[in-house]
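S.K.: I would like the atomic coordinates for the input below:
(chains A and B)
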Amino acid sequence: MLDPRLLRNDLARVAELLARRGVTLDTARFEQLEQERKRLQVEAQTLQTERNTRSKSIGKAKAAGEDIQPLLAEVADLGDRLKAAEQALADCQGEIESIALGLPNLPDDSVPDGRDEADNREERRWGEVPSFDFTPLDHVDLGARNGWMDFDLAAKVTGSRFVTLSGPMARLHRALIQFMLDVHTTEHGYTETYVPYLVNADSLYGTGQLPKFEEDLFKVPGERDLYLIPTAEVPVTNLARDCIFEADELPRRWVAHTPCFRSEAGSYGKDTRGMIRQHQFEKVELVQAVPEAESFAALEALTGHAESILQRLGLAYRVVTLCTGDLGFSSRKTYDLEVWLPGQQAYREISSCSNFGDFQARRLRARWRNPETGKPELLHTLNGSGLAIGRTLVAVLENYQLADGRVTVPEALRPYMGGLEVLG
RNA sequence: GGAGAGGUGCCGGAGUGGUCGAACGGGCUUGACUCGAAAUCAAGUGACUCGCUUGCGGGUCCGUGGGUUCGAAUCCCACCCUCUCCGCCA
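M.R.: Below is the predicted model:
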């Protein structure tokens, strides 16, 4: 959520920045609601003051043994007027809040303007795009070998956009998870964290998936509705909800491996082949909570942590800054890491590293106590995939394939594969 | 699933209708004492928010949401969560 004070005091600038994202804010309507809010709030609070003072004097009079009937008569209609005023204020504030909850974060100045991913800005490339003296297969064909990867089986068990892995392929999948967790915990200073895969609505409001993006989620109906997590970002970032951290407890760096569940509504016909876009996939997620001053340095560091995984696996990739039109709802700046996939002859997203500023923290009431002021201040939250496991598996298969369909195991993963050098 | 207990400030823990944002203890901060420290003494110590604004004055918050009342931490209703015992279970 945006800073309500900014919305009040500099609405024109907010509207201007939102326009960069292609979002139109009805400033006239908003200003009108704000004025209304102000008027109603003063009115309601005046009535509350009156009620408080009068009730107190009734209490005193009664204690003194005086007749309170005349006093009671004086306040006869106060309750009704107060109730009406409070209701009007609540309605008005509700309306303002529903607008505010629907507004995305403001893009940082360094974010390029643009409409869609075609306008993203490439920052750098790493690694050599492999060349083959044969026509490389994609991961679906490679995985079909020996029944290691089977989409039909998964379709029978569940439906489309699921996969089953078998034998060494399943082990390679697991090896990637272990490898990534080990690197981030031992070398990058993250604390390994295990979290629930079902979350309540409050958590999803906190990180911004609700109220706007419910259709992307799998909902589990029950006495109290729960949702399957679309990313570990939700449970992990919510660890900081309603917290006030001391300065020496920061920065917080969490890493968690979780499955992720996405309904992929609206992506019909997109990436229907293979493991690129599934309803269920694994991810190792990096999450940080830091003071504002460290926010942007933390984004660079976090992106570097994710990059280091690709580098150790020897996978060519590029880093792009998402343009305003491609930026996620809660993010003010995002770097995507795109890995080279020989099967598609293209760079494809494998990690998304975002700085949310205080946008999530405000919804979460995630704060820290600034020793300089002694006051609680909103934290800045960040997260990034480090990395998406399914897509990394795809990248390893396609980039390390041999002419006969076998696959070399990247050296970094061999300790996790019992020393195995070649799959197949 | 059955039975019971409970959710109060950073922590422990009082408070069962009126000056309670909340006793008391601990913690923490500051000051005094001390060469220094400990002990002791004194003062201070919640969050959020509104209006005018060096400052001042309000409001809200005692699990959450409703209700009763002039007035609710205290009474009523619903829900959530935690703990104990029994059952079931990986």
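
S.K.: can you get me a residue count around whatever residue of chain A ends up closest to RNA strand B?
M.R.: Going by CB to the nearest atom of the strand, RNA strand B is nearest to residue A:59 of chain A, at 3.0 Å. To be clear about C-beta, it is placed using only N, CA and C from the backbone, and glycine gets the same treatment. Residues near residue A:59, counting by other CB atoms under 10 Å, number 11.

S.K.: show me what the helix or strand hosting it is packed up against.
M.R.: For residue A:59, the element it lies in under DSSP states H and E is helix A:27-63. Applying 3 or more CB pairs under 8 Å, 6 or more residues apart in numbering; DSSP states H and E, one finds that helix A:27-63 contacts helix A:4-9, helix A:11-20, helix A:69-74, helix A:78-101.

S.K.: when you compare where that helix runs with where helix A:78-101 runs, what's the angle?
M.R.: Computed with axes from the mean of the first three to the mean of the last three CA atoms, to 10 degrees, the direction of helix A:27-63 lies at 150 degrees from that of helix A:78-101.

S.K.: hang on, the earlier thing: lowest average confidence across the helices and strands packed on helix A:27-63, which one?
M.R.: Lowest mean pLDDT within the helices and strands packed on helix A:27-63: helix A:69-74, at a mean of 80.

S.K.: got the contact list for that helix?
M.R.: A:54, A:57, A:58, A:61 (CB atoms under 8 Å, 6 or more residues apart in numbering).

S.K.: could I get those as TSV with distance to residue A:214 and pLDDT?
M.R.: Converted to TSV, the contacts of helix A:69-74 look like this (distance: CB to CB, whole Å; pLDDT from 0 to 100):
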residue	distance to residue A:214	pLDDT
A:54	46	88
A:57	50	85
A:58	48	86
A:61	54	83
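
S.K.: and the residues you listed, which is closest to residue A:244?
M.R.: For the contacts of helix A:69-74, the minimum distance to residue A:244 (CB to CB) is 36.4 Å, reached by residue A:54.

S.K.: does the closest one touch residue A:78 like I think?
M.R.: Yes. With contact defined as CB atoms under 8 Å, residue A:54 and residue A:78 form a contacting pair (7.1 Å).

S.K.: which residues of the stretch 201-350 of chain A lie near RNA strand B?
M.R.: Residues of the stretch 201-350 of chain A lying close to RNA strand B (CB under 7 Å from any atom of the strand) are A:223, A:224, A:244.

S.K.: one more pass at 10 Å, please.
M.R.: Within the stretch 201-350 of chain A, the positions lying close to RNA strand B (CB under 10 Å from any atom of the strand) are A:202, A:222, A:223, A:224, A:226, A:242, A:244.

S.K.: not counting sequence-adjacent ones, nearest residue to residue A:346?
M.R.: By the measure of CB to CB, 6 or more residues apart in numbering, the closest residue to residue A:346 outside its immediate chain neighbours is residue A:340, 7.7 Å from it.
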